[in-house]
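Engineer: next comes the sequence, and after it the predicted model I'd like to discuss.
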Amino acid sequence: AVEAAVVYARAVGEAPEQLPAAAGGSHSAPVAAPDALPRRLQAPRPVVTRAEGLRLYLSSSNSTGYKGVRKGGRGVRFQAAQSAGGGKQVHLGTFDTAV
């Protein structure tokens, strides 16, 4: 998910220093963990806040932990997309690794 989050931050610009909690700035939500155990038994994975010199957009309401990144289907691990307005999305890339 970190690779996808970096691509998203490059596309929309680096995340602000700190987001207010009301704007979705709370970053304490657990992030999806490896599939070895059932999700309810997994420890939360630490969220990477900076990568490749960029502050990443974090999201407590997204299972990946990053804004603009979602889990894909059919064997695809993570997908990054940017909102293009009017309910449309611009696909930024597909990534195999979580970190």
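Structural biologist: In hand now; what should we look at? All values derive from a computational prediction rather than experimental measurement.
Engineer: what's Glu14 in contact with, if anything?
Structural biologist: For Glu14, the contacting residues are Leu54, Arg55, by CB atoms under 8 Å, 6 or more residues apart in numbering. (Each C-beta comes from the backbone N, C-alpha and C, glycine too.)
Engineer: separation between it and Gly86?
Structural biologist: According to CB to CB, to the nearest Å, Glu14 and Gly86 sit 25 Å apart.
Engineer: can you give me the strands for the protein?
Structural biologist: Using DSSP state E, the strands of the chain run over 50-51, 54-55, 69-71, 78-85, 88-95.
Engineer: what helices or strands is the first one leaning on?
Structural biologist: Spelled out, it's strand 50-51. Judged by 3 or more CB pairs under 8 Å, 6 or more residues apart in numbering; DSSP states H and E, the packing partners of strand 50-51 are helix 2-12.
Engineer: for the helix it packs on, which positions count as buried?
Structural biologist: For helix 2-12, burial by neighbour count (16 or more other CB atoms under 10 Å) applies to Val2, Glu3, Ala4, Ala5, Val6, Val7, Tyr8, Ala9.
Engineer: residue contacts, the nearest residue to Leu54 once chain neighbours are set aside?
Structural biologist: Excluding the flanking residues, the one nearest Leu54 by CB to CB, 6 or more residues apart in numbering is Ala9, at 4.4 Å. For Ala9, the contact set (CB under 8 Å, 6+ apart) comprises Ala15, Leu54, Arg55, Leu56, Tyr57.
Engineer: just the buried residues out of those, in ChimeraX syntax.
Structural biologist: Applying 16+ other CB under 10 Å to those, the buried members can be selected in ChimeraX as follows:
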select :15,54,56,57
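Engineer: just checking, Leu54 touches Arg10?
Structural biologist: Yes. Leu54 is within contact range of Arg10, at 6.9 Å (criterion: CB atoms under 8 Å).
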